[in-house]
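Participant: Dropping the sequence and predicted coords here.
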Amino acid sequence: MEVQIEVQLFANGAKFLQSGSCSVITTDFRKEPEWTAAVSAYEWIQKIKNSVRYPGVQFLHLSYIQSKVRKYP
């Protein structure tokens, strides 16, 4: 299953919006959707922090939506 994530951040005097998708385990998402999305978002945010080279980056807003279910043969 894919979860769409959007993050608003503030760095170097400007606001930015980054969005992307993360894969989550469908059974985990069905049991605890907010927790599963939060774990994926946290990992994704860590990647953003490592790629943004501004020391004072602030995350202003995070949102997620369930995107689609991947079916495996």
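Facilitator: Structure received. Note that the structure is predicted; figures quoted are calculated from it, not measured. Numbers count the residues shown, from 1 in each chain.
Participant: I'd like to know the beta-bridge partner residues of Ala14.
Facilitator: Beta-bridge partners recorded for Ala14 (DSSP bridges): Ala11.
Participant: Please name every helix or strand in contact with the least confident helix or strand in the chain by mean pLDDT.
Facilitator: Least confident helix or strand, the chain: strand 58-68 with a mean of 70, by mean pLDDT, DSSP states H and E. With contacts defined as 3 or more CB pairs under 8 Å, 6 or more residues apart in numbering; DSSP states H and E, strand 58-68 has these neighbours: strand 2-11, helix 33-51. Using the backbone N, CA and C atoms, a C-beta is placed for each residue, glycine as well.
Participant: Out of those, which one sits most buried?
Facilitator: Counting by mean count of other CB atoms under 10 Å, strand 2-11 has the highest mean neighbour count of these, with a mean of 17.
Participant: the inter-axis angle of that one versus strand 58-68?
Facilitator: Taking axes from the mean of the first three to the mean of the last three CA atoms, to 10 degrees, one finds strand 2-11 and strand 58-68 inclined to each other by 170 degrees.
Participant: shift numbering so it begins at 526
Facilitator: With the count now opening at 526, the last piece we talked about shows up as strand 527-536.
Participant: CA atoms of strand 527-536 as CSV?
Facilitator: Below are the C-alpha coordinates for strand 527-536, written out as CSV (Å, rounded to 0.1, in the frame of the first residue of the first chain):
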residue,chain,number,x,y,z
GLU,A,527,1.2,3.5,-0.8
VAL,A,528,0.7,6.5,1.5
GLN,A,529,1.0,10.0,0.1
ILE,A,530,2.8,12.4,2.4
GLU,A,531,3.1,16.2,2.2
VAL,A,532,5.4,18.2,4.4
GLN,A,533,5.5,22.0,4.7
LEU,A,534,8.9,23.2,5.9
PHE,A,535,10.5,26.5,6.6
ALA,A,536,14.2,26.9,5.8
